[in-house]
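K.L.:
Requesting a structural model of the entry that follows:
(one chain, ligands or ions: 1)
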Amino acid sequence: MEQYIIKGGNPLVGEVVIGGAKNAALGILAAAIMTDGQCMIDNMPDVRDTNVLLQAMESIGATVIRKGPNEVTISGKNIDSSGDLIVDNEYIRKIRASYYLIGALLGKYKKAQVVLPGGCEIGSRPIDQHIKGFRALGANVKIEHGMVIAEAEQLHGEHIYLDVVSVGATINIMMAASLAVGNTIIENAAKEPHIVDVANFLNSMGANIKGAGTDVIRIKGVESFHNTEYSIIPDQIEAGTFMVAAAATRGDVLIKNVIPKHLEAISAKLTEIGAEVEESDDAVRVVATRRLKHTQIKTLPYPGFPTDMQPQMAVTLGLSKGTSIITESIFENRFRYVEEMRGLGASIKVMDGNTAIISGVEKYTGATVAAPDLRAGAALVIAGLAAEGYTTVTQIGYIQRGYERFDEKLRGLGGLIEKVDSEKEANKFIFKTGTVS
Ligand code: EPZ
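P.N.:
Here you go, the predicted structure:
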C-alpha cells in the first residue's frame, strides 16, 4: 500500500499554489447535470472524491469530458430519465458527497435513487436535514435497502428552517429548490464559501438565488438551466493546511491563489500564537521563526474556526509553549489522530469526547502512524515534517481524497517527503536523505 515517508526537521520555505475547493467542486459537479446545456468547469481539484463523483455521473449517462486534470465539460443531456436513475456502485459508496446527486436529480427529473452515504471516520454524518428539506419541497423520500429514494410529481417552493447548520443540507436543498415552482427560503443556512460558490454556479446556469453566504437564502424557482462556464474558488482548507504547515515547521511560505477573507479565522489564530501572517490580494505569507504559544480553539460553522482545520492546528499546538484547549463542536469523532500522535511524543488528552487538552512538548520524534481520515492524515504529515527523524504515514488514500499532489507541493517547499509503496523504496529515500541535514 502506498505510504508517505518523511524526514522531518526542515522548515518549509518558498511558494505554493492552491487548487480549487474540493467541497465547492463536489456540489458544483453534481449541479452541472441539472442542465441539458454544456457546463465548462475549471480550477477543479484533481482528487479522489471529485474523480469518483464524475464516474458516478457518467454511470447514469451524464456526458463528462476531461480537458485536463483540472478542467471538465459536463452535460446532463444524455441522462436517460425514463429509468429509475439509480446511483449505486462500489466507488460512490466511498464518498459522502454522492448525496448531492439526490438534490440535483430530484430538482431536474423529480426522482433519484442514490445509495445512502454511510457514516465516516469522523462521525455518524446523518442526512435528516437534507430529507427534511426535500420533503418540505413536496418530495416523497424513503430509505429502503440502503438507498435514498426520492420522487415528486412536482417540487414547490417552501419556507424551510434547518434544525442544524449543515453545509450539505443547505447545498442539496438549494439545488432542488432552484428548479421548483415558486419561492423557497432556507433559514439557518450554512454560510461557508463553498455554499456561495455553488449558488454562484447555479445562478450562472440561470438559477435565481440570493443571500448565499448569509443564514437566509432566498430562491425563486426557474423552468430550466442553460450553458455556463465557471471557475471554482480556491480551497480554503488546502490553503489553511499549508499555512499551518509553515508555522509548525518554523518556515516562511507564500501561499498563492487564495481568497484571504476565507482564511480570516485561521490567520487570526496563527497570529495569536506568534506566527506572522501577511495578506495580499490573492496570497498569504506565513512566517514563524520561534516557538509558538498556546491558545484555545472551538470549531464552529463559518466564519468560525473550521472543523476541517482542527487536526492541523492541534499538531501545531502540540509543539507550542504551554497548554492549549481545542473543543470540537461539529463532529463527534474527530480526535482519532490523538492516539497516533502519542507515537510521535505528543502530550494530548481527549476529555468528554470533544475537548482536547494539549500540553506543548519541545519536539516530536519520528514514528510510523496511520491516517484515520482526510484532515487528520494531513495533520500527521505536518507533524512528521516537524518531527526529528523519519515518519511513515500509512493509509494515505484518505489524504488523496482531498489534497491534489500533496507530497509534490510539500517537496516544492523543501519538505523531505516521498510517496513509496515498498520497503525498498523507503530504504532508498532514507539512504538518499540520510546525509541531508
Ligand atoms: C461538509 O460536510 C464537508 N464535506 C466537511 O468536510 C466539513 O467538515 C463539513 O461540511 C462542515 O464544514 C463536504 O462538503 C463534502 P454538515 P457535511 O452537514 O455537509 C450534522 C472534509 O474534510 N448534520 O455541515 O456532511 C452533522 O452530523 C470534510 O473536506 C445533521 O445532524 O457537514 C454535523 O454534526 C469532512 N443532519 C453537522 O451537522 C444533517 O442532515 C455539520 O455537518 C446534516 C448534518
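K.L.:
end-to-end on stretch 194-212?
P.N.:
10 Å (Cα to Cα, to the nearest Å).
K.L.:
Not counting its own residues, what contacts it?
P.N.:
21, 23-24, 27-28, 31-32, 34-35, 37, 39, 167, 170-171, 174-175, 178-179, 189, 213, 217-222, 224-230, 232-233, 236 (Cβ atoms under 8 Å, 6 or more residues apart in numbering). From N, CA and C alone the C-beta is placed, and that goes for glycine too.
K.L.:
can you give me the helices for the stretch 301-437 of the chain?
P.N.:
For the stretch 301-437 of the chain, the helices defined by DSSP state H, counting those that start in this stretch cover 310-317, 337-342, 374-386, 397-400, 406-411, 423-434.
K.L.:
Let me have those helices in CSV, extended by distance to residue 331, mean neighbour count and mean pLDDT.
P.N.:
Output for the helices of the stretch 301-437 of the chain, formatted as CSV (distance: least, Cβ to Cβ, whole Å; neighbours: other Cβ atoms under 10 Å; pLDDT from 0 to 100):
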stretch, distance to residue 331, mean neighbour count, mean pLDDT
helix 310-317, 9, 29, 98
helix 337-342, 13, 20, 98
helix 374-386, 10, 29, 98
helix 397-400, 15, 20, 96
helix 406-411, 22, 19, 98
helix 423-434, 33, 13, 94
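K.L.:
how about CSV for those helices, with distance to the ligand added?
P.N.:
Shown next, in CSV, are the helices of the stretch 301-437 of the chain (distance: least, Cβ to the nearest ligand atom, whole Å):
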stretch, distance to the ligand
helix 310-317, 9
helix 337-342, 13
helix 374-386, 5
helix 397-400, 10
helix 406-411, 13
helix 423-434, 27
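K.L.:
Could you save those helices as TSV and add columns showing distance to residue 45?
P.N.:
Below are those laid out as TSV (distance: least, Cβ to Cβ, whole Å):
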stretch	distance to residue 45
helix 310-317	18
helix 337-342	22
helix 374-386	12
helix 397-400	11
helix 406-411	11
helix 423-434	26
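K.L.:
Of all those, which one comes closest to residue 141?
P.N.:
Among the helices of the stretch 301-437 of the chain, the nearest to residue 141 by Cβ to Cβ is helix 374-386 (28.1 Å).
K.L.:
what angle do the closest one and helix 310-317 make?
P.N.:
Put simply, helix 374-386 runs at 20 degrees to helix 310-317, going by axes from the mean of the first three to the mean of the last three Cα atoms, to 10 degrees.
K.L.:
For helix 374-386, what is the distance to the chain centroid?
P.N.:
15 Å (Cα atoms, centre = their mean, to the nearest Å).
K.L.:
And stretch 8-23, by the same measure?
P.N.:
The answer for stretch 8-23 is 16 Å, by Cα atoms, centre = their mean.
K.L.:
Same question for stretch 239-256.
P.N.:
The answer for stretch 239-256 is 18 Å, by Cα atoms, centre = their mean.
K.L.:
Mean confidence (pLDDT) on it, please.
P.N.:
On average, the pLDDT along stretch 239-256 is 98.
K.L.:
Can you confirm whether it lies near the ligand?
P.N.:
No. On the criterion Cβ under 6 Å from any ligand atom, stretch 239-256 is out of touch with the ligand, staying 10.3 Å away.
K.L.:
ends of that stretch, how far apart?
P.N.:
One end of stretch 239-256 sits 8 Å from the other (Cα to Cα).
K.L.:
Residue 297: which of the helices of the stretch 301-437 of the chain is closest?
P.N.:
Here helix 310-317 is closest among the helices of the stretch 301-437 of the chain (Cβ to Cβ), at 6.1 Å.
K.L.:
list the helices and strands the closest one packs on?
P.N.:
Judged by 3 or more Cβ pairs under 8 Å, 6 or more residues apart in numbering; DSSP states H and E, helix 310-317 is in contact with helix 236-248, strand 323-327, helix 337-342, strand 355-359, helix 374-386.
K.L.:
still on that earlier bit, show me which of the contacts of stretch 194-212 neighbour the ligand.
P.N.:
Checking the contacts of stretch 194-212 against the ligand (Cβ under 6 Å from any ligand atom), the matches are 23, 167.
K.L.:
Kindly write the ChimeraX command that selects the buried subset of the contacts of stretch 194-212.
P.N.:
This is how ChimeraX selects the buried members of the contacts of stretch 194-212, with burial counted by 16 or more other Cβ atoms under 10 Å:
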select :21,23,24,27,28,31,32,34,35,37,39,167,170,171,174,175,178,179,189,213,217,218,219,221,222,225,228,230,232,233,236
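K.L.:
so of the contacts of stretch 194-212, which ones are in strands?
P.N.:
39, 217-220, 228-230 (DSSP state E).
K.L.:
Just the pLDDT for the residue in the chain that the ligand sits nearest to.
P.N.:
Closest to the ligand within the chain is residue 168: 2.8 Å, counting by Cβ to the nearest ligand atom. Looking at residue 168, its pLDDT reads 97.
K.L.:
Tell me who's in contact with it.
P.N.:
96-97, 99-100, 127, 130.
K.L.:
Spell out which strands sit alongside the worst-scoring helix or strand of the chain on mean pLDDT in the sheet and which way each one runs.
P.N.:
Among the helical and strand segments of the chain, the one scoring lowest on mean pLDDT, DSSP states H and E is strand 86-87, with a mean of 85. When pairing is defined by DSSP bridges, strand 86-87 lines up against strand 111-115 (parallel).
K.L.:
What residues does the protein have near the ligand?
P.N.:
22-23, 26, 96-97, 123, 125-130, 164, 166-169, 190, 307-308, 330-331, 374-375, 402.
K.L.:
that older thread, by pLDDT, give me the weakest of the contacts of residue 168.
P.N.:
Among the contacts of residue 168, residue 96 carries the lowest pLDDT, at 85.
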